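Asks: Pasting a predicted model and its sequence here:
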Amino acid sequence: MKVEKCIKIEEHINGLVDLLKDVVEDGASIGFLPPLELSEANKYWESVLNPDVFLFVAKVKNEIVGSVQLHLCSKQNGVHRAEIAKLMTHPNYRRNGIGRLLMEKAHETALIMGRTLLILDTREGDSSNLLYISLGYINAGRIPAYAMSENGNFDATIIYYKNLM
């Protein structure tokens, strides 16, 4: 397995679109509801990269099987922090250390960029909560009815933070 920084979306767009569609269809709570239209997935990925966003992809046999984003805070009072966003692992590759490897790459990059405080949120009850806790993230609180799910219910989100110092 290889993790690399994605510099140009165009090189990876098809694999990223497939990954996004597959994880959304599998029930991931990452801002989209199934069925996710191909055009919507394309539009999303084409708008992701900017100078404050790092995108990392995990590949197995040259196929994208995971990704994570590191969003640097651009506010003057937030130059020490960043947000982890949209950690995705393809359903067929879960429980193989891909999410952990992607998170470790994001942590490493955050430190290189001078970011020592990381924040993220995830749906309450998702297996990703266990990963974040195992990586040393601290539960900062719960927001009820944060995101709507496919069945129309509203799910809570858990806010986590980690000090890399």
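Replies: Sure, I can see it. Numbering: from 1, shown residues only.

Asks: Let me see the backbone angles for Asn139.
Replies: phi -70, psi 120 (degrees, to the nearest 10).

Asks: okay, and the helix or strand of this structure with the least pLDDT?
Replies: Ranked by mean pLDDT, DSSP states H and E, the weakest helix or strand in the chain is strand 2-6, scoring a mean of 92.

Asks: in the protein, which spans are strands?
Replies: 2-6, 53-60, 63-72, 81-89, 117-123, 138-148, 154-163 (DSSP state E).

Asks: now these in JSON lines, with distance to Ser47 and mean neighbour count?
Replies: Glycine gets a C-beta too; all of them are placed from N, C-alpha and C. Formatted as JSON lines, the strands of the chain follow (distance: least, Cβ to Cβ, whole Å; neighbours: other Cβ atoms under 10 Å):
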{"stretch": "strand 2-6", "distance to Ser47": "14", "mean neighbour count": "15"}
{"stretch": "strand 53-60", "distance to Ser47": "10", "mean neighbour count": "20"}
{"stretch": "strand 63-72", "distance to Ser47": "12", "mean neighbour count": "22"}
{"stretch": "strand 81-89", "distance to Ser47": "13", "mean neighbour count": "23"}
{"stretch": "strand 117-123", "distance to Ser47": "20", "mean neighbour count": "20"}
{"stretch": "strand 138-148", "distance to Ser47": "20", "mean neighbour count": "12"}
{"stretch": "strand 154-163", "distance to Ser47": "22", "mean neighbour count": "17"}
